[in-house]
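Peer 1: Mind looking at a prediction? Sequence and model below.
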Amino acid sequence: MSDGYETLKDILDAAYSQASKGKGKERHANDKPFHDQPIMHIARKRGIGFPLGQADKKSEEAQGMLERGQKDAAIRELLGSIVYTAAAILLIRERE
C-alpha cells in the first residue's frame, strides 16, 4: 500500500530501531522499557527543556558533521534528535 508517507515511515522506523536495538539500548536501557530509562527519569525531574535541549544539541552536532562530510554520523545524530523529541511528547502526555 502506498500512501505517499513511506519515506517518513522509513525515517521514524530507523529512529525506533536506533533506540530499541542500537546505541540507545546498548548504553541506556539496562533492560528497561523506554518510559523507565534515564531519558525519561531525567525529563520528569528537569522538565521538557531536557529532552528538547538534547534534541537541539544533536541537531547542531549533525549540522557540523554534515559540513565535515560525515553524512552517516549526521543521520545518526538526527535520529537521536527524533528520539529525544519523542521523549518530550511522552512527557507531555504523562502530564495530561
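Peer 2: Sure thing, it's come through. Since the model is a prediction, treat every value here as computed from it, not as a measurement. Residues are numbered from 1 along each chain as shown.
Peer 1: was I right about residue 58 contacting residue 85?
Peer 2: No. The pair residue 58 / residue 85 is not scored as a contact, 9.7 Å apart, by CB atoms under 8 Å. Heads up, the C-betas are built off the backbone N, CA and C, glycines and all.
Peer 1: tell me the pLDDT at residue 32?
Peer 2: Note on residue 32: pLDDT of 85.
Peer 1: Would you mind measuring from it to residue 50?
Peer 2: When CB to CB, to the nearest Å is applied, the distance between residue 32 and residue 50 equals 18 Å.
Peer 1: Look at those two and report which has more neighbours.
Peer 2: Between residue 32 and residue 50, counted using other CB atoms under 10 Å, the more crowded position is residue 50 (19 against 13).
Peer 1: pLDDT value on that one, please?
Peer 2: For residue 50, the model assigns a pLDDT of 97.
Peer 1: That one: which element?
Peer 2: Under the criterion of DSSP states H and E, residue 50 resides in helix 49-67.
Peer 1: in that helix, what's buried?
Peer 2: Neighbour-count burial for helix 49-67, counted by 16 or more other CB atoms under 10 Å, picks out 50-52, 54-55, 58-59, 61-62, 65.
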